[in-house]
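>>> Predicted model follows, preceded by the sequence.
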Amino acid sequence: MKHKLEGFFKPKSIAVVGASNDSRKIGHAALKNIIISDYQCKVYPINPKEKYILGLKCYKKIGDVPGSIDLVLISVPAPIVPQILRECVEKKVKYVIIISSGFGEVGNHALENELKEIIKHSNIRVLGPNVMGYKNASDGLDASFVFGNPRKGNVALISQSGALGIGMIYLANKEFMGVSKIIGVGNKIDIDDDDLIDYFAEDPETKVIGLYIESVKDGRSFMNSIKKCDKPVLVVKAGRSKAGARATASHTGSMAGSDKIYSAAIKQAGGIRCRDIVELFDMARALAGQPPAKGNRIGIITNGGGLGILLTDACEANGLTVPKLSKTTYRKIDKILPDLVKPNNPVDLVADAGFVRYEAATKILLEDPNIDGIIVASVHGGYARPREYTAAILKMVREQKLHEAYQKPILATWVGGREFEDLVWDLKSAGVPIYPSSWRTARSMMALYLEGQRLEKEKKEIKR
Ligand code: COA
């Protein structure tokens, strides 16, 4: 039986073939990343010319390493890779990451097929070729050659593009989005998206799974893995347009396939298709930080009528509704508003709304059984009090976590400049999803609604 992936992400011993003393080389960077990781394991550089690399004893070949090796990273030119892979099979290495490019993605299918042939009758598991490797932030291991140190969190990211994967690490850090693992899958001769979804579905450190894909090798297994997975799966599928599909073929040597079929299949399997990486991150932050919405009825709280209308339109365009307030909620809201203003949904707290009005309105909507999700908005107009707005949200998110009855999502959105942005960081760093656009907020709320529906469907299927 082929090895499962637990030992792949938590190896006890790692070798780097093509490790080098030349700091410009990828094999040097890969070895260094492993050494500087906050992770305990044996590390073996492999290079026929060197005695020591980065202070570690160097071996001429895999077969010379005493004892077993769990994981091998290969960073030598493509024509040498088959020979190294054979040595790995002989040595009974469990897992291999082939960083090297020069295979199917450049039309060299014969060489790629040779790799498949070598591993066909062994238990070895292979990631790549043409990959960056992975960063396991949960356990502190960096088994990649690229820079960037992701903040530890609960979103697992899988990318078919190495460069985009690296960009995702920096973007995640900037957005205060914590990552459990991030991995590049490249040409996928063995370890595929479905293997990783299956692994992350079981991984206690992962709450949400996000993928960037250009193609899948086995559509049925991919969809089955999403369907089986008891966690939200977000998918960015590139190559929507004809020109995009052409670009896909020259990037990873794969076929983009029919876009409509992908969309329908992802939806049917219970995944959520995202338009781009920023949307994937928006939705991931919402799903990782907030409970799912049990229905699509959204309450909007704002200090500016215009922003309230924009949010209403964005919600309605994305399968959500913004219902009229119930009599009870109307009466409660009426008590907190200034005399001349009448309650509505969006609830307009008026330009000078401070902590007390925001806090009270959010609490009232949390208590309203006719509301499934809440968006709290602020426009940085002349009378606005951004500090009080963010403080009220932080307080209500704290309260939300304490009360069973408050288990409905709270998302935030704002329109403003620098002064406001500093306060927005307070929310982001506390894991509260806040977005600088009505559309992005509504799309993220939609993801929470879809997740609520998926869970409901799952519950019904279990009962049957
Ligand atoms: N076993 C171990 N080491 C060997 C070897 C063998 N059989 N044969 C050669 N080496 C050594 C080389 O001597 C060299 O070490 P040195 O610096 O001490 O001389 C080292 O392995 C690397 O080989 P080199 O020929 O210098 O290759 P390179 O480092 O310039 O390039 C790759 C190798 C894999 C990085 C390159 O071919 C490549 O594919 N680059 C693209 C990678 C990429 O972008 N991947 C996708 C990311 S998303």
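Sure thing, it's come through.

>>> can we go C-alpha only for contacts and neighbour counts from here?
Will do.

>>> and the top helix by length along the chain, what does it pack onto?
Of all the segments of type helix in the chain, defined by DSSP state H, the longest one is helix 438-463. Under the contact criterion of 3 or more Cα pairs under 8 Å, 6 or more residues apart in numbering; DSSP states H and E, helix 438-463 touches helix 277-289, helix 305-317, strand 410-415.

>>> Can you check what angle separates that helix from helix 305-317?
Per axes from the mean of the first three to the mean of the last three Cα atoms, to 10 degrees, the angle that helix 438-463 makes with helix 305-317 is 40 degrees.

>>> Mind listing what's buried along helix 438-463?
Along helix 438-463, these residues count as buried under the neighbour rule (16 or more other Cα atoms under 10 Å): 438-455.

>>> Check stretch 405-423 too.
Taking 16+ other Cα under 10 Å as the neighbour-count basis, stretch 405-423 is seen to contain the buried residues 406-415, 420, 423.

>>> Only alpha carbons, please: show it as CSV.
Provided in CSV are the C-alpha atoms of stretch 405-423 (Å, rounded to 0.1, in the frame of the first residue of the first chain):
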residue,chain,number,x,y,z
ALA,A,405,-27.9,31.7,20.9
TYR,A,406,-25.5,34.1,19.2
GLN,A,407,-24.0,31.5,16.9
LYS,A,408,-24.5,33.5,13.7
PRO,A,409,-21.7,35.2,11.7
ILE,A,410,-20.6,38.9,12.1
LEU,A,411,-18.7,40.4,9.3
ALA,A,412,-17.4,44.0,9.1
THR,A,413,-16.8,46.5,6.3
TRP,A,414,-15.6,50.1,6.1
VAL,A,415,-15.0,52.9,3.8
GLY,A,416,-12.2,55.3,4.8
GLY,A,417,-8.5,56.1,4.8
ARG,A,418,-5.3,55.6,6.7
GLU,A,419,-6.6,56.5,10.2
PHE,A,420,-9.3,53.9,9.9
GLU,A,421,-6.9,51.3,8.5
ASP,A,422,-4.8,51.3,11.7
LEU,A,423,-8.0,50.3,13.6
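
>>> By mean pLDDT, point me to the weakest helix or strand of the chain.
Of the helices and strands making up the chain, the lowest-confidence element is helix 242-251, at a mean of 73, by mean pLDDT, DSSP states H and E.

>>> quick one: least confident of the buried residues of stretch 405-423?
Summarising pLDDT for the buried residues of stretch 405-423: the lowest-scoring member is residue 420, with 86.

>>> distance between the host helix or strand of it and the chain's centre?
For residue 420, the enclosing helix or strand under DSSP states H and E is helix 418-429. Its chain's C-alpha centre and that of helix 418-429 lie 22 Å apart, by Cα atoms, centre = their mean, to the nearest Å.

>>> Then stretch 57-66?
37 Å.

>>> Now the terminal residues of it, how far apart.
Stretch 57-66 has its terminal residues 12 Å apart, counting by Cα to Cα, to the nearest Å.

>>> Offset the numbering so it begins at 46, please.
All right, first residue 46 from here; so that's stretch 102-111.

>>> What residues of it count as buried?
Neighbour-count burial for stretch 102-111, with 16+ other Cα under 10 Å as criterion, is recorded at 103-104, 106-107, 110.

>>> Between all of those, which two are separated the most?
Using Cα to Cα, the pair of these lying farthest apart is 103 and 107, separated by 10.3 Å.

>>> Just the local confidence number for the nearest residue to residue 465 once chain neighbours are set aside, please.
Of all residues beyond its chain neighbours, the one nearest residue 465 is residue 431 (6.3 Å), with distances taken as Cα to Cα, 6 or more residues apart in numbering. The confidence metric pLDDT takes the value 91 at residue 431.

>>> any idea how far residue 353 is from residue 431?
17 Å.

>>> Same question for residue 54.
Applying Cα to Cα, the value for residue 54 to residue 353 is 46 Å.

>>> quick one, which of these two is more surrounded?
Here residue 54 and residue 353 are compared on neighbour count by other Cα atoms under 10 Å; more neighbours surround residue 353, at 24 against 19.

>>> ok, that one to the ligand distance?
Here the distance between residue 353 and the ligand works out to 43 Å (Cα to the nearest ligand atom, to the nearest Å).

>>> who's in contact with that residue?
Residue 353 is in contact with 345-347, 391-393, 422, counting by Cα atoms under 8 Å, 6 or more residues apart in numbering.

>>> Retrieve the pLDDT associated with the closest residue in space to residue 496 that isn't next to it in sequence.
Leaving out its chain neighbours, the residue that sits closest to residue 496 by Cα to Cα, 6+ apart is residue 337, at 5.8 Å. Reading off the confidence values, residue 337 has pLDDT 97.

>>> hang on, residue 337 in a strand?
No: when DSSP: H, G, I helix; E, B strand; the rest coil is applied, residue 337 is found to be coil, with no strand at that position.

>>> And it, how far from residue 247?
Look at residue 337 and residue 247: by Cα to Cα, they are 20 Å apart.

>>> Equivalent analysis for residue 278, please.
Distance from residue 278 to residue 247, by Cα to Cα: 13 Å.
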